[in-house]
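**Student:** Fold the following and give me the result.
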Amino acid sequence: MQSKLIHFFTNSAGVLLLTVALAMFIANLASAGFTQPHDPILVISMQNLFWIVGVISLVVAMICLFGEGGWLKITLVLWFAVNLFVYQLYFFWNRPHVGFSVYLGSLAKAFGMTSHAAYLILGIVFLYLLAGSLTSLLWLWIGNRGYLKNACAHCGVYIKFSAEGVGQEITCPHCGAMVTLQNPDGTSRQMT
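**Tutor:** Numbering: from 1, shown residues only. Modelled structure (predicted):
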């Protein structure tokens, strides 16, 4: 159940990030030639900021959809969401009288919506990414406590097992070779 939910989250995060990337690219192409405001934090044009956020979104989306390892996927989503959250905090700290939706005009215009609607949609997406990645990482961490890992000496694939299994000889689920389960320190005795 846990792995299915985490797999669902990483796939849904990948789809959402891919959608964000495409929206940023479409907004830039639709507003080519128009004068846009400069981002007050990074002091670059909003068009350049959209390209940067779009490319990063696209890379993280591809890793979420086609990469290996749940920890990496969730950590990248969390990194992306935290960076956007910190950016927003810094923006509101330095410009409390100006709403960020003003800077989303090209994105809103490209999709025929108001700037406030674009800001609300992006906020919901990034809140989902932030909350989902934090919850998934916590869930993975709690689920992995009390378990050890051993690499198979023949194929190198890691075998996860409970601490009570130390010293047992099992068949590797990947290559079928016999493997003795060991503590992280290399001993095959149970820790007391």
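
**Student:** so where does the residue nearest the centre of the chain fall, helix or strand?
**Tutor:** Nearest to the geometric centre of the chain sits Val77, at 1.3 Å (CA atoms, centre = their mean). Secondary structure assignment for Val77, by DSSP states H and E: helix 70-94.

**Student:** Averaged pLDDT, that helix. What do you get?
**Tutor:** In this model, helix 70-94 has an average pLDDT of 91.

**Student:** Tell me the buried residues in it?
**Tutor:** Residues of helix 70-94 classed as buried by neighbour count (16 or more other CB atoms under 10 Å): Gly70, Lys73, Ile74, Leu76, Val77, Leu78, Phe80, Ala81, Leu84, Tyr87, Phe91. All C-beta spots, glycine's among them, are computed from the backbone N, C-alpha and C.

**Student:** Correct me if wrong: the fourth one contacts Ile63.
**Tutor:** Looking back up the chat, that one is Leu76. Yes. With contact defined as CB atoms under 8 Å, Leu76 reaches Ile63; the gap is 5.8 Å.

**Student:** Flag every buried residue along the helix or strand that the helix holding Val77 is followed by.
**Tutor:** Later in the chain than helix 70-94, the nearest helix or strand by DSSP H and E is helix 105-110. Of the residues in helix 105-110, Gly105, Ser106, Leu107, Ala108, Lys109, Ala110 count as buried by neighbour count, 16+ other CB under 10 Å.

**Student:** got it, and stretch 94-104?
**Tutor:** Phe100, Ser101, Tyr103, Leu104.

**Student:** next one: stretch 140-156
**Tutor:** Leu140, Leu148, Asn150, Cys152.

**Student:** Now that stretch - C-alpha only, CSV.
**Tutor:** Written as CSV, here are the backbone C-alpha positions of stretch 140-156 (Å, rounded to 0.1, in the frame of the first residue of the first chain):
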residue,chain,number,x,y,z
LEU,A,140,9.5,6.3,3.6
TRP,A,141,11.7,7.1,6.6
ILE,A,142,9.3,5.6,9.1
GLY,A,143,8.7,2.5,6.9
ASN,A,144,12.5,1.9,6.6
ARG,A,145,13.3,2.0,10.3
GLY,A,146,14.2,-1.4,11.7
TYR,A,147,15.3,-2.7,8.3
LEU,A,148,18.8,-3.4,7.1
LYS,A,149,20.2,-3.6,3.5
ASN,A,150,22.7,-6.0,2.1
ALA,A,151,24.1,-6.0,-1.4
CYS,A,152,24.2,-9.4,-3.1
ALA,A,153,27.8,-10.4,-3.6
HIS,A,154,26.9,-11.8,-7.1
CYS,A,155,24.7,-9.2,-8.7
GLY,A,156,25.0,-6.2,-6.5
